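*Asks:* need a 3D model of the following:
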Amino acid sequence: MRITSRPSGLLDRGGLGPAVKRDGGPAVLGSIRAADAAHDAAHAMHARFRHGVYSVACTTCHAPAGSLCFARRTVHTARRELYRQGRRATGLVPALTA
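*Replies:* The predicted structure is shown next:
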């Protein structure tokens, strides 16, 4: 493993993982990329299984149910409102009486 220094004060581990600061702590850039990927994966999983707002079609960009909106990394407000209107009010199950 070859470790080289970058001008920004980060150590590059030769493509073997995220860059780290010289003091050994994680680099901010690496954590932003990880959070970015996690955010995209969460949206993709919700769309794939039609959870939440992805259970209805988008009226703004006309994306079908179960697919991401055409605007990258956002869900249009109209789609969110349509989903909230369609949800049924759920209450507690009434207690069984003998």
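*Asks:* all contacts plus neighbour counts: C-alpha atoms, from now on.
*Replies:* Noted.
*Asks:* look at the closest residue to Ser55 other than its chain neighbours and give its secondary structure.
*Replies:* Closest residue in space to Ser55, ignoring its immediate chain neighbours: Ala65 at 5.3 Å, by C-alpha to C-alpha, 6 or more residues apart in numbering. When classified by DSSP: H, G, I helix; E, B strand; the rest coil, Ala65 comes out as coil.
*Asks:* swap in the one 4 residues further on?
*Replies:* When the structure is reduced to helix, strand and coil (three-state DSSP), Cys69 reads as coil.
*Asks:* quick one: low-confidence ranges for the protein?
*Replies:* Along the chain, the model assigns pLDDT under 70 to residues 1-30, 72, 88-98.
*Asks:* can you rerun that using 90?
*Replies:* Applying pLDDT under 90 to the chain flags the ranges 1-40, 43, 67-75, 84-98.
*Asks:* what ranges does it have for its helices?
*Replies:* Using DSSP state H, the helices of the chain run over residues 28-48, 77-86.
*Asks:* identify all contacting residues around the longest one.
*Replies:* Applying C-alpha atoms under 8 Å, 6 or more residues apart in numbering, the contact partners of helix 28-48 are Pro18, Ala19, Gly52, Tyr54, Ser55, Ala65, Gly66, Ser67, Leu68, Arg73.
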